[in-house]
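Engineer: Got a predicted model here, sequence first, then my questions.
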Amino acid sequence: MSDEILKVVNIQKFYGTRGNVTKAINDISFTVEKGEYVAIMGASGSGKTTLLNCISTIDNVTSGNILIGNEDITKFKEKKLSKFRREELGFIFQDFNLLDTLNAYENIALALTICKVDPSTIDNKVKDVAVKLNITDILYKFPYEISGGQKQRVAAARAIVTNPKMILADEPTGALDSKSAKMLLQSLVHLNEQLNATIMMVTHDAFSASYAKRIMFIKDGRIFNELIRGKDSRKEFFNRIIEVVTLLGGDQRDVF
């Protein structure tokens with residue numbers, strides 16, 4: 001029996017007026033099972049970020065349905081949507097989105113504080129996730145005192161501390177140097193394999209995508225191709241990704 005955490009059914013997202021309509025997402029359907037690590041790739045303007053925004057409840061679909069844990073989020077009113085976003089989804093952004101006036105501990109704890117979790121439980125949860133992401137030594141430092149890679153691991157800790165149904169990552173390595181990017185990607189693999197976290201990551205970078213277990217390639221608002229890593233090594237998977245990127249055509253600088 002499958003354990004679907006996400007079901008996307010015939011979603012479409014149009015922008016513009018009747019005379020000038022842009023189809024950002026054009027009839028996409030797929031499912032993600034609990035514990036999967038899925039990457040979405042595509043050139044700039046392909047619709048990959050719009051797709052993530054619709055799944056993350058930041059944007060609304062024009063038509064179709066998105067079910068997360070059997071709840072159809074396209075039917076939610078704004079108040080319920082806000083509560084769902086806060087309690088059931090974890091976010092990792094390219095630019096970290098940490099609050100400069102809070103230290104790392106407080107940034108991680110914020111979502112739990114908003115949900116009125118009692119202080120002793122918050123303390124245990126924050127320290128537990130800090131150990132898993134190797135950031136215990138920087139918990140009481142402010143964002144300006146830590147590196148980009150450390151900031152992104154704090155952001156990852158904040159994303160998972162509420163034990164969300166899904167972690168949604170939008171170009172999480174985009175602002176990092178190669179060493180920090182590799183550390184973050186290894187952290188995401190750890191969260192996926194050791195904690196069974198369900199991760200969906202949008203990336204233009206084949207190296208980042210090669211850490212995932214499955215990749216969906218988006219072109220012109222549709223799913224163009226899909227790769228499953230299977231028993232491939234990460235390097236073998238990377239080479240398969242490059243082959244599909246070549247098939248996608250266009251300016252490859254847009255994809256990488």
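Structural biologist: Received the coordinates, thanks.

Engineer: from here on, contacts and neighbour counts on C-alpha atoms
Structural biologist: OK.

Engineer: buried residues in the biggest helix by length in the chain?
Structural biologist: Using DSSP state H, we find that the single longest helix of the chain is helix 178-195. Neighbour-count burial for helix 178-195 flags S180, A181, K182, M183, L184, L185, S187, L188, V189, L191, N192 (criterion: 16 or more other CA atoms under 10 Å).

Engineer: what pLDDT, on average, does that helix get?
Structural biologist: For helix 178-195, mean pLDDT is 88.

Engineer: Under the pLDDT cut-off, which ranges of this protein? List them.
Structural biologist: 1-2, 249-256 (pLDDT under 70).

Engineer: What segments of it are helices?
Structural biologist: Using DSSP H, helices in the chain cover 48-55, 78-88, 104-114, 119-132, 148-160, 178-195, 206-209, 234-248, 252-255.

Engineer: next one: the fifth one to chain centre, how far?
Structural biologist: What it means is helix 148-160. 13 Å (CA atoms, centre = their mean, to the nearest Å).

Engineer: returning to that earlier point: of all the helices of the chain, which gets the most neighbours per residue?
Structural biologist: Burial of these is given as mean neighbour count (mean count of other CA atoms under 10 Å); helix 148-160 ranks first at a mean of 25.

Engineer: Can you name every helix or strand that that one contacts?
Structural biologist: strand 89-92, helix 104-114, helix 119-132, helix 178-195 (3 or more CA pairs under 8 Å, 6 or more residues apart in numbering; DSSP states H and E).

Engineer: on that earlier part again, which members of the buried residues of helix 178-195 define the maximum pairwise distance?
Structural biologist: The two members of those with the most space between them (CA to CA) are S180 and N192, at 18.5 Å.

Engineer: circling back: redo the helices of the chain as CSV? Include distance to L168.
Structural biologist: Below are the helices of the chain laid out as CSV (distance: least, CA to CA, whole Å):
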stretch, distance to L168
helix 48-55, 8
helix 78-88, 11
helix 104-114, 16
helix 119-132, 17
helix 148-160, 9
helix 178-195, 11
helix 206-209, 14
helix 234-248, 21
helix 252-255, 20
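
Engineer: burial measure for F91, as a count.
Structural biologist: Residues lying near F91 (other CA atoms under 10 Å) number 25.

Engineer: do the same with D118
Structural biologist: D118: 10 neighbours (other CA under 10 Å).

Engineer: any idea how far it is from R234?
Structural biologist: To R234, D118 is 41 Å away according to CA to CA, to the nearest Å.

Engineer: measure D27 to S63 for me?
Structural biologist: Applying CA to CA to D27 and S63 gives a distance of 9 Å.

Engineer: Pull the CA coordinates from stretch 56-69 and hand them back as CSV.
Structural biologist: This file holds the C-alpha atoms of stretch 56-69, laid out as CSV (Å, rounded to 0.1, in the frame of the first residue of the first chain):
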residue,chain,number,x,y,z
SER,A,56,3.7,25.5,-0.7
THR,A,57,0.4,27.5,-0.6
ILE,A,58,2.3,30.7,-1.5
ASP,A,59,0.4,30.9,-4.8
ASN,A,60,-3.1,29.6,-5.9
VAL,A,61,-3.7,27.2,-8.8
THR,A,62,-6.0,28.3,-11.6
SER,A,63,-7.5,24.8,-11.8
GLY,A,64,-6.8,21.3,-10.5
ASN,A,65,-6.2,20.0,-7.0
ILE,A,66,-3.3,19.6,-4.6
LEU,A,67,-3.6,17.1,-1.7
ILE,A,68,-1.1,17.1,1.1
GLY,A,69,-1.7,14.3,3.6
